[in-house]
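Asker: mind folding the following:
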Amino acid sequence: MAGIACAGELTQAGITVTLLEKEPVIGGWAADYCCKATDQCNRCFVCVADKEREGVRLSDAVTLLTNHQVREVEKNGSGYRLRVENKVEGVEKEVRADAVVLATGFKPFDATQKGELGYGRYADVLTGLDLERMLRNQGSARKPSDGQVPNKIAFIQCVGSRDESIGHLYCSKACCAYALRMARVIRSQNPGSEIFFYYMDIQPAGRLFDETLKACEEDPNFHFIRAIPSKIYRYYQKPGLMMRSLEAESGTIEEKFFDLIVLSIGMEPNPENEGLWEKAGLKPGREGFVDPATCKDGIFVAGTVSGPKDIERSIMNAKQAALSVLRYLEGQS
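Answerer: From the prediction side, this is the model:
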């Protein structure tokens, strides 16, 4: 999404752009996200992302190359030479540019690494990304096991973030906001549903977050539980999934049944970036994302390649990157 927003900003300033995308379509993970409006817009920025994507796709100032993987970025005089492979045809080509913006994003945490939470073993344990796709494509939340509407749903925060056991001590910043917004969509569609929100701390993100949080706190069917779930399993004498957790306030172990459990997975550095970083002279920071301070003349980064961000912050960061590109090009002329 950051690459698209940066490209759009540059074209408005009269710059021609080549947008290289390794997937068949542009938009990154945001292309799978759902609108989280209920009776009002909740500022999730998915509609903005869709609009930005369509604008770039139709722009005469953008050369769009999908299914193209960047293999190498090399300084070439005052500009750069990029070695690019067409993944469909298996042939390489060369792209030249006066400046390069790396907006290669993040990797969603693989929830199967937390085996105790049952993802990949129980159909009704979803990730936040799974639920995003379900709401976007099907319009409502359903239990994958039988297609029924779930009435009792748990959201578990910080899956893959703030977890010393896997070496991820950082906050992914977007998870609380997207989980609360999707939970509100479920409550709006099914007023009889009940939400249980398991968290360590609530991390604000984006505009209207406080209003979203307040609306959830005032909802009698929305329960905030400061606890760390330790195990999810199926109890065959009763339908649904059993979840065991240690509740922070009481210090007791609690067990509850749920129809659907949603794991709010965080963001990881994209492992495909490492080769590009080295060839472009960039280095990772402490958490493994690229350190913007290591950018050289004519090389810029945008979006989650430098760390976790939601859509709004990714777009803002991309527009800042576009401004930096314009200043650099002005200095070269």
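Asker: C-alpha only now, for contacts and for neighbours.
Answerer: OK.
Asker: quick one: low-confidence parts of the stretch 201-333 of the chain?
Answerer: Scanning the stretch 201-333 of the chain with the threshold set as pLDDT under 70 gives 206.
Asker: kindly recompute the last result at 50.
Answerer: For the stretch 201-333 of the chain, no stretch has pLDDT under 50.
Asker: and the helices in it?
Answerer: Counting by DSSP state H, counting those that start in this stretch, one finds helices in the stretch 201-333 of the chain at the ranges 209-217, 273-280, 311-332.
Asker: deepest in the core, which of those helices is it.
Answerer: Of the helices of the stretch 201-333 of the chain, the one with the most neighbours on average (mean count of other CA atoms under 10 Å) is helix 311-332, at a mean of 18.
Asker: now that one, how far from the chain's geometric center?
Answerer: Its chain's C-alpha centre and that of helix 311-332 lie 21 Å apart, by CA atoms, centre = their mean, to the nearest Å.
Asker: go on, stretch 101-112?
Answerer: Remark: stretch 101-112 is offset 8 Å from the chain centroid, using CA atoms, centre = their mean.
Asker: quick check: mean pLDDT across it?
Answerer: Averaging pLDDT along stretch 101-112 yields 95.
Asker: buried sites along it?
Answerer: Neighbour-count burial for stretch 101-112, counted by 16 or more other CA atoms under 10 Å, picks out Val101, Leu102, Ala103, Thr104, Gly105, Phe106, Lys107, Pro108, Phe109, Ala111.
Asker: hmm, the third one is touching Val305, no?
Answerer: Spelled out, it's Ala103. Yes - Ala103 lies in contact with Val305 (CA atoms under 8 Å); the separation is 6.0 Å.
Asker: so where do the strands sit in the stretch 151-300 of the chain?
Answerer: For the stretch 151-300 of the chain, the strands defined by DSSP state E, counting those that start in this stretch occupy 152-159, 194-199, 222-234, 241-247, 253-258, 260-265, 267-269, 299-301.
Asker: Serialize those strands to JSON lines and add fields for mean neighbour count.
Answerer: Below are these laid out as JSON lines (neighbours: other CA atoms under 10 Å):
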{"stretch": "strand 152-159", "mean neighbour count": "23"}
{"stretch": "strand 194-199", "mean neighbour count": "21"}
{"stretch": "strand 222-234", "mean neighbour count": "17"}
{"stretch": "strand 241-247", "mean neighbour count": "18"}
{"stretch": "strand 253-258", "mean neighbour count": "16"}
{"stretch": "strand 260-265", "mean neighbour count": "26"}
{"stretch": "strand 267-269", "mean neighbour count": "24"}
{"stretch": "strand 299-301", "mean neighbour count": "24"}
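Asker: nearest to Ser165, of the ones you listed?
Answerer: Smallest distance to Ser165 across the strands of the stretch 151-300 of the chain (CA to CA): 11.3 Å, for strand 152-159.
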